[in-house]
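J.: Generate coordinates for the sequence data below:
(one chain, ligands or ions: 3)
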Amino acid sequence: MGYHKKLHAWVRDMADMCQPDRIYWCDGSDSEKERLRAEAISNGELVLLNQSKLPGCVLHRTAENDVARTEQLTFICTSEKEDAGPNNNWMPPEEAYRRGREIFAGSMKGRTMYVVPFSMGPVGSSFSKTGVELTDSIYVVQNMRIMTRMGSNVLNYLDSDREYTKCLHSKADLNVNKRLILHFPEDNTIWSVGSGYGGNVLLGKKCLALRMASYAARQEGWLAEHMLIMGVEEPNGRIEYLAAAFPSACGKTNLAMLVPPKGLQQKGYRIWTVGDDIAWMRIDTDGRLWAVNPETGLFGVAPGTNSRTNPSAMTAINRNTIYTNVILTPDGSVWWEGGDDPPPDEGLDWRGHPWNPTMKDEDGNPVLGAHPNSRFTVPIKQVPSASFRLDQHHGVPISAIVFGGRRAHLAPLVYQAFSWQHGVYVGAITASELTAAQYGNQGQLRRDPMAMLPFCGYNMADYFAHWLKMGARMLEPPKIFHVNWFRQDQNGHYLWPGFGENLRIIEWILARSRGEAEAVTTPIGHIPHKSSLDLTGLEISDHDMKALLEVDRSAWLEDTADQHKFFKQFGDRLPREIYTEMEALEYRLTHF
Ligand code: GTP
Ligand code: SPV
Ligand code: MN
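T.: Numbering: from 1, shown residues only. Ligands and ions are numbered 1, 2, ... in the order given. Just a heads-up that it's a prediction; the model follows:
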């Protein structure tokens, strides 16, 4: 192994600041995993679960004030404020480094600093990104070895002087007032301090693979997106792939590993899971868009996951899984709201307090035992439908791009954009209700373009322009769609059964991408007629189907008024094409 002088100097500098008692370089081996696990169990960072029921599984509880991404404490630190854009919190780099240093100073006293070399994408591929994360958390190390390619082979690849993203993390004292998630795209550096929660601290994920990568992707001519990647194999052997962007906790993991419903099973469909959260996409020599999942694991939402909604996940997470903030049952197993029945009679809730399913809060609502944003970390290769192309650095060719959100009203079950440019606008106006995956008023509707609002590492006006340019560069751009699995009736019930049944909509989407299925043209885009969807075996009333596919013109016109407000904040930097598409929609809504 070559000696990476700059890497060693950086590790020394960071250790001088954080003052750990020890520095340990991770090699990624199984024996290391076992050793660190034993250490974390003895100091309480991890709880060993029942090894005959859940072999290789552990539980972790985060601090009570540290259960989701803290977007208000997340900053893009570019020299120019304009480059971060109105979509990001911004801090000048000097100030960010100064404030960071104050909290990092001495933060690892009495602790070990782990050096975690990792690769997003196959090690050594010219399309991958390498990082090194310094952390004082064994939980982070154990998650990184599931979520990324981690260990000595990455260090060997870095060899004497290759580029890498410098990632520094310390839990410090987990004080929310001393918590900062800082990105320095101009220095290829990430500093995260004061948190122990997933998206804030697994720095290869949202910080590197989305914020830093999207910044680089714009300069280098590719796309880093908050998207799942799935393949649909037909009985004739043809596999078509799609990439779909839904905001946090809006169904990416579930869609990526869906199991075909009974009514469609006879058609012989088979699903291939390529990725559930992040897609890196570039234009290949064939002029098509190809996608790679830079991760190797899933960091999935636990509540609502059960053998009916997501049987593949249930199979995957019965071994080698890290559970975060779920209920611990007396027999050393785990449970969460919306898990497989029946609930345990008693247990410890996500805080570690005694809990039972009859407990009620002051308003008479059940007390949740698992945190709504509780999660499992599992190697993607344990998913029964894991794609055989996971390690191919070429990735998979994308036929369709799907945007979506969680909207009780307005957005129909599915519609297709008229063109790439219109599709970019459809992505740009995507809105969704806030979920437990981030701090904020849950249920409140916000614009979340391409599900990237919290993850775009630069000015979103430039991001839209980049998307428009990418379309123009492709010979065969994917067709663009929008879906909404979450439309409700007046009583607040979901109109669409969702989960596996979503394949019925995916089937139409892929057929449309080939120019095959029929559609009705509406002012917002092409919508399926009920008869052009295969609803075999699904009991759904004509009334509900009609409501799901309805386009309410006056509600859409009201929505465009809100879009004006959203787009206005980008000023002159917003590409003209976005306004053109919005005006065209307003015209169609009033004239056709
Ligand atoms: P992140 O990991 O935060 O990016 O989330 P995600 O987009 O991967 O969401 P995930 O698939 O984990 O789903 C989040 C929640 O939505 C879970 O509680 C699911 O059970 C629920 N969910 C997923 N798909 C559907 C669906 O089609 N219909 C309904 N009603 N709920 C769904
Ligand atoms: C999300 O919030 O979109 C997640 C979970 O996928 S986290 O890694 O915490 O960002
Ligand atoms: Mn996500």
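
J.: the bottom helix or strand of this protein by mean pLDDT?
T.: Lowest by mean pLDDT, DSSP states H and E among the helices and strands of the chain is helix 262-265, with a mean of 87.

J.: May I see the buried residues of that helix?
T.: For helix 262-265, a neighbour-count test (16 or more other CB atoms under 10 Å) marks Gly263, Leu264 as buried. Any C-beta I mention is one placed from the backbone N, CA and C, and that applies to glycine too.

J.: State the next helix or strand along the chain beyond it.
T.: Using DSSP states H and E, the helix or strand that follows helix 262-265 in sequence is strand 270-275.

J.: and that next one, how far from the chain's centre?
T.: Centroid separation between strand 270-275 and its chain, computed with CA atoms, centre = their mean, to the nearest Å, is 16 Å.

J.: so does it get close to ligand 2?
T.: No: with CB under 6 Å from any ligand atom as the criterion, ligand 2 is not reached by strand 270-275; the gap is at least 11.5 Å.

J.: Show the average pLDDT along that strand.
T.: On average, the pLDDT along strand 270-275 is 97.

J.: Give the other helices and strands that that strand contacts.
T.: Strand 270-275 sits against strand 228-233, strand 239-245, helix 252-256, with contacts defined as 3 or more CB pairs under 8 Å, 6 or more residues apart in numbering; DSSP states H and E.

J.: Go through these and pick out the most buried.
T.: Across those, the average number of neighbours (mean count of other CB atoms under 10 Å) peaks for helix 252-256, which reaches a mean of 27.

J.: sec struct for the residue in the stretch 51-200 of the chain that ligand 1 sits nearest to, please.
T.: Nearest to ligand 1, among the residues of the stretch 51-200 of the chain, is Gly199, at 8.1 Å (CB to the nearest ligand atom). With DSSP: H, G, I helix; E, B strand; the rest coil as the basis, the three-state label of Gly199 is helix.

J.: In contact with it: list those residues for me.
T.: Ala68, Arg69, Lys205, Lys206, Phe299, Ala437 (CB atoms under 8 Å, 6 or more residues apart in numbering).

J.: Now neighbour count and pLDDT too, for these, in JSON lines please.
T.: Compiled in JSON lines, the contacts of Gly199 are given as follows (neighbours: other CB atoms under 10 Å; pLDDT from 0 to 100):
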{"residue": "Ala68", "neighbour count": "23", "pLDDT": "95"}
{"residue": "Arg69", "neighbour count": "23", "pLDDT": "96"}
{"residue": "Lys205", "neighbour count": "25", "pLDDT": "98"}
{"residue": "Lys206", "neighbour count": "24", "pLDDT": "98"}
{"residue": "Phe299", "neighbour count": "22", "pLDDT": "98"}
{"residue": "Ala437", "neighbour count": "21", "pLDDT": "83"}
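
J.: want to throw the residues you listed into a markdown table with secondary structure and distance to ligand 2?
T.: Below are the contacts of Gly199 laid out as a markdown table (DSSP: H, G, I helix; E, B strand; the rest coil; distance: CB to the nearest ligand atom, whole Å):
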| residue | secondary structure | distance to ligand 2 |
| --- | --- | --- |
| Ala68 | coil | 7 |
| Arg69 | strand | 5 |
| Lys205 | helix | 5 |
| Lys206 | helix | 5 |
| Phe299 | strand | 5 |
| Ala437 | coil | 4 |
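
J.: Figure out the length between the terminal residues of stretch 487-495.
T.: One end of stretch 487-495 sits 6 Å from the other (CA to CA, to the nearest Å).

J.: follow-up on the earlier one: spatially, which two of the contacts of Gly199 are the most separated?
T.: Pairwise distances across the contacts of Gly199 (CB to CB) peak at 13.8 Å, for the pair Ala68 and Lys205.

J.: Ser214 is in contact with Ala224, isn't it?
T.: Yes: Ser214 lies in contact with Ala224 (CB atoms under 8 Å); the separation is 4.4 Å.

J.: Of the two, give the one with the bigger neighbour count.
T.: Ala224 (29 against 23; other CB atoms under 10 Å).

J.: one step back: name the residues that touch the least confident helix or strand of the chain?
T.: Residues from elsewhere that reach helix 262-265, judged by CB under 8 Å, 6+ apart: Leu503, Arg504, Glu507, Asp534, Leu535, Thr536, Gly537, Leu538.

J.: In PDB, could you pull the C-alpha coordinates for it?
T.: Written as PDB, here are the backbone C-alpha positions of helix 262-265 (Å, rounded to 0.1, in the frame of the first residue of the first chain):
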ATOM      1  CA  LYS A 262     -51.700 -11.900  -7.400                       C
ATOM      2  CA  GLY A 263     -53.700 -10.500 -10.400                       C
ATOM      3  CA  LEU A 264     -50.400  -9.700 -12.200                       C
ATOM      4  CA  GLN A 265     -48.400 -12.700 -11.200                       C
END
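
J.: Once you drop chain neighbours, what's closest to Arg282?
T.: Trp222 (3.9 Å; CB to CB, 6 or more residues apart in numbering).

J.: Make sure the one you found is actually in contact with Leu289.
T.: No: contact criterion CB under 8 Å: Trp222 and Leu289 do not qualify, at 9.3 Å.

J.: Tell me which of these two has more neighbours.
T.: Leu289 (28 against 21).

J.: Angles on the backbone of that one, please.
T.: phi -90, psi 130 (degrees, to the nearest 10).

J.: Check it and give its pLDDT.
T.: If you check Leu289, the pLDDT there is 98.

J.: Name whatever forms a beta bridge with it.
T.: On the basis of DSSP bridges, Leu289 is bridged to Ile283.

J.: Lys479 now?
T.: Applying DSSP bridges to Lys479 gives these bridge partners: Ala400.

J.: Thanks again, I'm all set now.
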